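> Predicted model and sequence follow; I will ask about them next.
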Amino acid sequence: GLNHSRVEDFQLACYGVDNLYGLHRDDDDGPNRADRSSTVLIYLQAPEKGGSTLFTRRPLEKEKDMDTKQPLRTEAAALKLFRSYCDRPRRNFVVVEPKQGRAVTWPNWYGPNFTEFAKSSTHGACPIIEGRKCVIQQWITKAEPLPLRDERVAAIFTAGADISFRRHLAIIDQDERCLTDASTQRGEYITHLCPTDGTRFTVLDEGPYADVGGMKVTGSMTANLPIVFFEDDGFSLSFWARNVTTGTKLISLGKMLSVDFRSLDNNARSVVEVIRGEESSVFECQISESEWVWLSLTVAGRSLATDLSVFSDRGEVLGKASIAPLQENSCLQESESIELNLFTPLQDEATTEPSGERTAFVPSQQQQQDGDDAIAFVPRSSGTGPSNSLDVSFILFHKSTLDLDEASVLRLQARRYNVNT
């Protein structure tokens, strides 16, 4: 069977009067193969007349030029032949009339491992005579599962990256005002990623990719990670960040593990340090404040073997750090979860201490200055909130560890994500 991890992003296509799509196949068995095992076509809008989907049920290579009786060699000849088929379909053809809500599917490859190419999957979209037709085309890949739909994905917090967040604040929970899981797990592993006291979110139109936004976090965020993350295959945490300043504890897991970005030699150098108890691993890392970087942390179950990788937006590895497995597996306390904190100030470098109680959502005066997209989380008590600030986009959790190659691929795949698809 097939699962959602092999479903590619859908494509929307609309056809006006006299628009058509000539005979073709959705894959090829040559060097340009796309490895699409099957196709799903859904009619969203049906025209008044025309626009049927026609299947010849024979290889495209057998089609002949109507005038020369030779194999098709020109686009004009191919279109002339196809229009004739649409006008007078052969008895062995399959013609699917467009109807709103109707779906049709067919294989492009056969066999248990999809090794036999379906040469007879030739089809085309006949011209619209009256009205307009819109369809969704979705392909099922037979290649590697798509990383963002991998069954190991435990949670996705889009952090301002999608249209629905900017327009409707749809992933802000109405009661706790936290980010909610946008993955297919729907909060099974991590229900919320919440702001700490005094934290402000501001949605950004500009993100790590074109047409993908982000979120400015002034303050820090917290979540509860299930204990299952520290058993079996461990877990991975990945996210985009920009404008990262030294003096920031990027990640902390209770008292067991932290990832710090700090300065050395009177701010002459900056380093990333992974700390686990008395052990640590550090690398020098000059992160440009204006560029997005992709961070990926993996923790291997109870052994707490830890790996951190930092990539530039172009995919260059800016640095890596590793801490070997514990000689004896960690004995975690009886608990259902471990507290995760993101982007907290380092106590020895922070200029301002966080203060205030856990709060509800209240409008702030600063929101008017920041614009309509500002989302304020203001403490009820008086006091100055945290001063650290950075931009983030796509905070992803996997319920297993990722190797360096997988982390790099995930960096690329995140650009294809859109919560509306």
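Happy to help now that I have it.
> could you list every residue that touches Ser120?
56-59 (Cβ atoms under 8 Å, 6 or more residues apart in numbering). Backbone N, C-alpha and C define where each C-beta goes, glycine included.
> And the longest helix along the chain, what does it pack against?
When the chain is parsed with DSSP state H, its longest helix is helix 75-87. Judged by 3 or more Cβ pairs under 8 Å, 6 or more residues apart in numbering; DSSP states H and E, the packing partners of helix 75-87 are strand 21-24, strand 53-55, strand 123-125.
> what's the most buried one of the ones you listed?
Ranked by mean neighbour count, the helices and strands packed on helix 75-87 are led by strand 123-125 with a mean of 24 (mean count of other Cβ atoms under 10 Å).
> who touches that strand?
15, 20-25, 51-56, 82, 85-86, 106, 133.
> Gln11 and Ser270, how far apart?
Separation of Gln11 from Ser270 (Cβ to Cβ, to the nearest Å) stands at 43 Å.
> So for stretch 203-214, mean pLDDT?
Stretch 203-214 shows an average pLDDT of 76 in the prediction.
> who has more neighbours, Gln11 and Ser270?
Neighbour totals were compared for Gln11 and Ser270, and Ser270 leads with 18 against 11 (other Cβ atoms under 10 Å).
> So that one sits against Phe283, correct?
No - the criterion here is Cβ atoms under 8 Å, and Ser270 misses it with Phe283 at 10.4 Å.
> Give me the phi and psi angles of Arg276.
Backbone dihedrals for Arg276, given as degrees, to the nearest 10, come out at phi -130, psi 100.
> So what sits opposite it in the bridge?
Arg276 has these beta-bridge partners by DSSP bridges: Glu279.
> Report the contact partners of it.
With contact set as Cβ under 8 Å, 6+ apart, Arg276 has these partners: 256-257, 304, 306, 323.
> Most neighbours among the residues you listed, please name it.
The contacts of Arg276, ranked by neighbours (other Cβ under 10 Å): first place Thr306, 25 neighbours.
> Can you give me the pLDDT of the residue nearest to that residue when sequence neighbours are not counted?
Setting aside the residues directly before and after it, Thr306 is nearest to Ile323 in space (Cβ to Cβ, 6 or more residues apart in numbering), at 4.4 Å. Looking at Ile323, its pLDDT reads 95.
> hang on, the earlier thing: which of the contacts of Arg276 lies closest to Val94?
Using Cβ to Cβ, Thr306 comes nearest to Val94 of these, at 56.2 Å.
> Need the per-residue pLDDT for that closest one.
The score at Thr306 is 96. That number is its pLDDT.
> Secondary structure of it: a strand, I assume?
Yes - counting by DSSP: H, G, I helix; E, B strand; the rest coil, Thr306 is located in a strand.
> and the gap between it and Ala268?
Taking Cβ to Cβ, one finds Thr306 at 27 Å from Ala268.
> returning to what we had before: include mean pLDDT and distance to Glu151 when you put the helices and strands packed on helix 75-87 into CSV, please.
CSV is the format used below for these (pLDDT from 0 to 100; distance: least, Cβ to Cβ, whole Å):
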stretch, mean pLDDT, distance to Glu151
strand 21-24, 94, 32
strand 53-55, 97, 32
strand 123-125, 96, 31
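> And those strands: which comes nearest Trp294?
strand 21-24 (36.8 Å).
> Direction included, what does the closest one pair against?
Next to strand 21-24 in the sheet, as set by DSSP bridges, lie strand 123-125 (antiparallel).
> dump the residue contacts of Asp307.
Applying Cβ under 8 Å, 6+ apart to Asp307 gives the contacts 297-298, 320-322, 401.
> The stretch 151-300 of the chain: strands as residue ranges?
153-157, 179-180, 192-195, 200-204, 214-218, 221-226, 235-242, 248-253, 257-264, 269-276, 279-284, 293-300 (DSSP state E, counting those that start in this stretch).
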